[in-house]
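> quick one, what's the 3D model for this:
(one chain, ligands or ions: 1)
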Amino acid sequence: MDLITMNNLTNEESISLLEDAKKLVPVAEGSVHLPLLQGKVLANLFFENSTRTRLSFETAMKRLGGEVLNLSEVGSSVKKGETLYDTMQMIDGYADVAAIRHPKQGAAQYAADAVNIPILNAGDGAGNHPTQTLLDLFTIRQGQGKIEGLNVLLVGDLRYGRTVHSLSHALGRFGASLTLVSPNSLKMPEEIVSDLKSMGCDVQESDNLSSSLESSDVVYMTRIQRERFPDEAEYEKVAGIYKLSKENLSSVRSGMMIMHPLPRVNEIHSSIDSTQYAWYFKQAFNGVPTRMALLCRSLGVDVPEVIG
Ligand code: NCD
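The predicted structure follows:
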C-alpha cells in the first residue's frame with residue numbers, strides 16, 4: 001500500500017488507521033513494549049528539512065522493534081548527481097517501506113512508480129502531506145470526538161501549504177465545514193476548492209481571521225512557506241500576516257482547538273501555549289502512534305485488539 005495523497009485511503013480505511021493509532025498510544029509513549037515490526041526496515045528519505053515527520057517516523061519504527069535507514073543529501077550520492085529513480089532502485093533492495101520528502105510536487109508518486117516497496121509521502125513540494133493529515137484527524141477526534149459537522153478554519157499559506165491541501169480534502173470528505181483564511185495572493189488552489197465543493201463540502205473563503213474565530217471548533221494555523229516563493233519581496237508582503245495571541249481568544253468557544261503542523265514562525269504567540277486551546281504539541285506527539293499504525297498497515301502487520 002502506498003500513501004501519496006488522501007485519495008489512496010477510503011474514509012473507512014482512514015478511520016481504521018486512526019483506531020489502530022489509538023490502541024498504539026501506550027507503545028508510542030514507551031510504556032508498553034510491542035515489537036510488531038521486528039526485522040523490518042524503514043528507509044527515511046528526506047530531501048528537504050524536517051524535524052517532526054522524520055523523527056516521528058523513526059521513533060515509530062524503533063518503538064515497534066524495526067530498524068531505520070536515514071538518507072540525507074549530504075553524505076549520499078544524490079550530491080554526485082544520482083537520479084531519484086536510481087536512488088529508489090537501491091532503496092527497493094535495502095528497505096521494506098520508505099517515507100519520502102522531496103521539494104518537487106509529484107516526487108513521491110514518481111518514487112512509488114519506480115519501486116515495489118510501499119512508499120509513504122512525507123511531503124512533496126507544495127503538493128500533499130497525507131501522513132500529517134492522519135495525525136491531524138487523530139488530534140481533532142481526540143479533542144472533539146468527531147469530525148462531521150465541525151467548523152474548521154484553515155489559516156495562512158493555503159497556496160503553497162501541502163498540509164492544508166491534504167487536510168482540506170480529508171475534512172471535506174468527513175463532512176466538516178471549512179473556512180479558508182488567507183491573503184488573496186495565497187488562496188487555496190482553485191482546483192482544490194472546486195473539488196471540495198463538488199463533494200458537497202460547505203466552503204467559505206475569507207482574508208479575515210478575527211471575524212471567523214468565534215464560531216470555530218478548530219483553528220488550524222500554518223506558516224507562510226517562504227522557501228516556495230519565487231520572489232523574496234512577495235514573501236515580505238505577507239510575512240506575519242496572521243498572528244494569534246491570548247488577547248484574540250476572549251470570545252472563542254470553550255472547546256476550541258488551536259492546531260499547527262509546526263514549525264511556527266510567529267503565527268501563535270507563546271502566551272497561548274499554556275492555555276486549554278493549545279493542541280499543537282499534542283498534535284506533534286500524535287505523529288508517533290499514527291505513523292506506527294500506518295507502518296503496520298503498509299507492511300501487512302495487524303495491530304492487536306488489546307495492547308498492554
Ligand atoms: C509541515 C511541512 O513540512 O509541510 N511541517 C510538518 O511536516 N510538520 C509544515 C511546514 O513546514 O510549514
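
> what helix or strand is the spatially most central residue of the chain located in?
Per C-alpha atoms, centre = their mean, the C-alpha nearest to the average position across the chain is that of Gln132, at 1.4 Å. Applying DSSP states H and E as the criterion places Gln132 in helix 130-144.

> list the contacts of whichever helix or strand comes after that helix.
Once the chain leaves helix 130-144, the next helix or strand it forms, by DSSP H and E, is strand 151-155. Outside strand 151-155, the residues that touch it by C-beta atoms under 8 Å, 6 or more residues apart in numbering are 140, 164, 167-168, 171, 176-182, 188, 209, 212-213, 215-222, 242, 267. From N, CA and C alone the C-beta is placed, and that goes for glycine too.

> change it to 7 Å
Counting by C-beta atoms under 7 Å, 6 or more residues apart in numbering, strand 151-155 makes contact with 164, 168, 171, 176-181, 209, 212, 215-222, 242, all of which sit outside it.

> swap in stretch 107-114?
With C-beta under 7 Å, 6+ apart as the test, stretch 107-114 has contacts from Asp2, Ile4, Leu84, Tyr85, Met88, Gln89, Ile100, His102, Ile119, Asn121, Asp124.

> now the buried members of the contacts of strand 151-155.
Burial of the contacts of strand 151-155 was assessed by neighbour count (16 or more other C-beta atoms under 10 Å); the buried members are 164, 168, 171, 176-181, 209, 212, 216-222, 242.

> what kind of secondary structure is the nearest residue to Pro261 once chain neighbours are set aside in?
Leaving out its chain neighbours, the residue that sits closest to Pro261 by C-beta to C-beta, 6 or more residues apart in numbering is Thr163, at 4.5 Å. Applying DSSP: H, G, I helix; E, B strand; the rest coil to Thr163 yields a three-state assignment of helix.

> which parts of stretch 289-300 are buried?
For stretch 289-300, burial by neighbour count (16+ other C-beta under 10 Å) applies to Pro289, Thr290, Arg291, Met292, Ala293, Leu294, Leu295, Cys296, Arg297, Ser298, Leu299.

> filtering the buried ones among the contacts of strand 151-155 by proximity to the ligand, which remain?
Near the ligand, judged by C-beta under 6 Å from any ligand atom, the entries from the buried ones among the contacts of strand 151-155 are Thr222.

> can you list the domains in the protein?
Residue ranges for the domains of the chain, per automatic domain parsing: 6-128+285-298, 130-283.

> mind putting these in TSV, mean pLDDT included?
Shown next, in TSV, are these (pLDDT from 0 to 100):
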stretch	mean pLDDT
domain 6-128+285-298	96
domain 130-283	97
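
> so which of the ones you listed is nearest Gly308?
Gly308 sits nearest to domain 6-128+285-298 of all the domains of the chain, at 5.0 Å, using C-beta to C-beta.

> end to end on that closest one, go ahead and measure it.
Chord length of domain 6-128+285-298, first to last residue, is 14 Å (C-alpha to C-alpha, to the nearest Å).

> is the ligand contacted by that domain?
Yes - counting by C-beta under 6 Å from any ligand atom, contacts between domain 6-128+285-298 and the ligand involve Arg52, Thr53, Gly123.

> so what's the first one closest to, chain neighbours aside?
Put plainly, it is Arg52. Ala284 (5.2 Å).

> fine by me, thanks again.
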